[in-house]
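Asker: What would the 3D arrangement of this be:
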Amino acid sequence: MTATPETTETAPPGGRTRRGMTVMIGVLLVAAFVMVLNETVMSIALPHVMADFSVPASTAQWLTTVFMLTMAVVIPLTGFVLQRFASRAVFAGALLLFTAGTLLAALAPAFGVLVAARALQAAGTAVVLPLLTTTILTFVPVQRRGTVFGLVSVVISVAPAVGPTLSGVILSAFGWRAVFVAVLPVAVLALGLGLVLVRDIGTPRPLPLDLPSVLLSATAFGALIFGLSSIGESTEGHALLPPALPVAVGATALALFVRRQLRLQREDRALLDLRPFALRPFSIGVVVLLIAMASLFGALILLPLYLQNVRGLSALETGLAVLPGGVLMGVVAPFIGRLYDRVGPRPLAIPGAVVLAAALFLMAFLFDERTGALTVTLLHILLTLGLGFLMTPLMTSALGSLPQHLYSHGSAIMNTLQQLAGAVGTALFVTLMALGTAGAAAGGAPATAAQAAGIQQAFLVGACVAVVAVVAACFVRGPETRAAQAVSGGDAS
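Answerer: Residues are numbered from 1 along each chain as shown. Sure thing, here's the model as predicted:
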């Protein structure tokens, strides 16, 4: 029998104490923070890796591309994995993969080994994030979820912001291998604590694995991420394939994957159950969140280019310039979570979307070859503040609208689409920048002014897209228990 939200959210299940659940979620948060931090530490270290292994930039970029590819392939499987296997075993397996990948990266004798190590790290990261959100949805009472999801937003926002800065500090004193050496003991500690403190969520079910769905999922999301991420390389003439080819293959495979899941979910055998989209709070929340994530990733790719290529800052100075925004977003996230618990999502999501759009418009009109670093930092703070008012309310309301048996699938869907949104945002902003730069150069503008014009064009289009988020935020609503029960009841029958 499927439990309703009212009966599953009032107390920790299985006789577990509230303190025990708090400690368990804390361990998962630490593990997730280290893993997400690791995702961005290589951005500044790439030139050092290129020099050590004598590889060009287009090859070195695979260290970030393979991470995104692996995440995109593994995350859709986590809905099945979290239902099929015990949570403690899933956590241990994920941390073992991540720890092994980190050690292998620190010792990598060749570039190919380093790429394989990054894939192992990404596989572990892809599993832990949905496990964290599923655990929160299962054990945290509905009236406190905003506060706890605020801590998840800290992980998502602060870790990527701290990563490049931490990497720059380590690289200034040691080599690139020290970046992985610094992460390794924390990963080992998280693994040890997890083996002791992490407990199972529910009872594993002997679900069959549909191999055609696995192949379609890997092809769809892997090809889409690869195609979108290679758009930036194609503008420089370094892409291995025309980006349109993998994007077309991925889109076709995605259509086939969705069709198969819709059929299999009628028999409760779907690899990724798509019934969360039947709930309006989930669908609208995901749409607004994806626009926000695309804007965030687009800004994260353009700001370093602007600061280094247009304003002439060093890599470390660039990392320090964008650090305050990420830290502020992490600082305000818990307070926004508490506000969500009091007022719900809409009073927070609407001003958050407005601030996001306003920050992008200001970047579009103010970023030129004379703009000071302080102005860039302040506008980045404004951008992250808007994102802070969006992420926690949207994640909490969207996932909180689901019945319990769809928690793992909803988490997998949201995390998968966030990866896709990041790739779309990056591709969109980079392409628009390249087109704007080429147009300005053709008109006779100097190289620096031409790139500034291209960056302005990218932010302007991004701001127009963010206006869609403002409109959609007006329709955001909190979890609808009746709707969740209707989906749950329909499934049970």
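Asker: use CA for all of it now, contacts and neighbours both
Answerer: OK.
Asker: nearest residue to Arg346 other than its sequence neighbours?
Answerer: Val476 (5.6 Å; CA to CA, 6 or more residues apart in numbering).
Asker: Can you classify that neighbour as helix, strand or coil?
Answerer: Taken by DSSP: H, G, I helix; E, B strand; the rest coil, the conformation at Val476 corresponds to coil.
Asker: Wait, it touches Gly344, no?
Answerer: No. Applying CA atoms under 8 Å, one finds Val476 not in contact with Gly344, separated by 9.6 Å.
Asker: The two: which is more packed in?
Answerer: Between Val476 and Gly344, Val476 has the larger neighbour count (other CA atoms under 10 Å), namely 28 against 21.
Asker: what's near enough to touch that one?
Answerer: Taking CA atoms under 8 Å, 6 or more residues apart in numbering, we find Val476 in contact with 281, 284-285, 345-346, 349.
Asker: Tell me which residue of this structure is furthest from the middle?
Answerer: Relative to the centre of the chain, and counting by CA atoms, centre = their mean, the farthest-placed residue is Gly444 at 39.1 Å.
Asker: Distance check, that residue against Thr437.
Answerer: To Thr437, Gly444 is 11 Å away according to CA to CA, to the nearest Å.
Asker: Contacts only, for Ala123.
Answerer: If a contact means CA under 8 Å, 6+ apart, then Ala123 has 70-71, 74, 94, 97-98 as its contacts.
Asker: Name the residues of stretch 41-52 that are buried.
Answerer: Residues 41-50 are the ones in stretch 41-52 that count as buried (16 or more other CA atoms under 10 Å).
Asker: give me the number of residues near Val152?
Answerer: Residue neighbour count, defined by other CA under 10 Å, stands at 27 for Val152.
Asker: For it, which non-adjacent residue is spatially closest?
Answerer: Nearest non-adjacent residue to Val152, counting by CA to CA, 6+ apart: Leu29, 7.0 Å away.
Asker: dump the residue contacts of the one you found.
Answerer: The neighbours of Leu29, taking CA under 8 Å, 6+ apart as the test, are 132, 151-152, 155.
Asker: what distance separates the top helix by length along the chain from the centre of its chain?
Answerer: Secondary structure of the chain read by DSSP state H shows that its longest helix is helix 407-442. Centroid separation between helix 407-442 and its chain, computed with CA atoms, centre = their mean, to the nearest Å, is 12 Å.
Asker: Report the mean confidence score over that helix.
Answerer: Mean per-residue pLDDT for helix 407-442: 82.
Asker: Not counting stretch 129-147 itself, show me its contacts.
Answerer: 8-13, 21, 25, 28-29, 32, 75, 78, 82, 87, 91, 148-149, 201, 334-341, 392-393, 396, 399-400, 404, 407-408, 411-412, 415.
Asker: Return the members of those classed as buried.
Answerer: 8-9, 12-13, 21, 25, 28-29, 32, 75, 78, 82, 87, 91, 148-149, 201, 334-341, 392-393, 396, 399-400, 404, 407-408, 411-412, 415.
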